[in-house]
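Return atomic coordinates for the entry below.
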Amino acid sequence: MWSVEKIEDIRDDCMKDILDLYPEIHEKLVKSRIEINHKTSSTMARFTRSYIEISAFLLAESTQSIFFQTLIMKGLIRSQICKFSPNLCEEEVLWSINDRFPEKYDFKEYKNLQKQNIEVPKKQEHIYKYAVCCPHCGELFRFKRICKTVLHPGDYVCTKCNVSLERP
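Predicted structure coming up:
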């Protein structure tokens, strides 16, 4: 199980590697705080200059350290280095870091690494408790909550065939 402290250590290590390679950006580089996002599970991480928001699902699942190293390094490059140092290209920085620190980051295989290590769930399917249907065409109208259509289906008509609705 991962913790925020472990991710902060990885962030600090990544920032140290960046400063070893580009000491001139020391003044521009900001130490992003780590936040956990409990709401979305489909987004792995969101980066801004001031914070890195990581999905709670990622922290709960067992992933390799290299996955988080690569994820955070890519985010730091995009959110800080390339925005505030326009003379540095993202690919150029990735190659430089890969050459300087071989086998520490895995930029080429990051997408495959992502598929191997985690299965981020997509949006949850909606559970519908109530339904009304058209007796003529069989169109089913589903609702999560009880509403006027569910309570009084005869007052409403099907959008396709203009026939009063019924409860199944």
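
use CA for all of it now, contacts and neighbours both
Will do.

For residue 150, see how far away the nearest residue to residue 128 once chain neighbours are set aside is.
When the adjacent residues along the chain are set aside, residue 128 lies closest to residue 144, with 4.5 Å between them (C-alpha to C-alpha, 6 or more residues apart in numbering). Residue 144 sits 10 Å away from residue 150, taking C-alpha to C-alpha, to the nearest Å as the criterion.

Specify which residue of the two has the higher count of neighbours.
Taking neighbours as other C-alpha atoms under 10 Å, residue 144 and residue 150 compare with residue 150 leading, 21 against 11.

Which residues in the lengthiest helix in the chain does the neighbour count mark as buried?
Across the chain, the longest stretch assigned as helix under DSSP state H is helix 4-21. Of the residues in helix 4-21, those with enough neighbours to count as buried (16 or more other C-alpha atoms under 10 Å) are 7, 8, 10, 11, 14, 15, 17, 18.

moving C-terminal of that helix, what's the next helix or strand?
Remark: after helix 4-21, the chain's next helix or strand is strand 33-37, criterion DSSP states H and E.

what about that next one, distance to the chain center?
The chain centroid and the centroid of strand 33-37 are separated by 12 Å under C-alpha atoms, centre = their mean, to the nearest Å.
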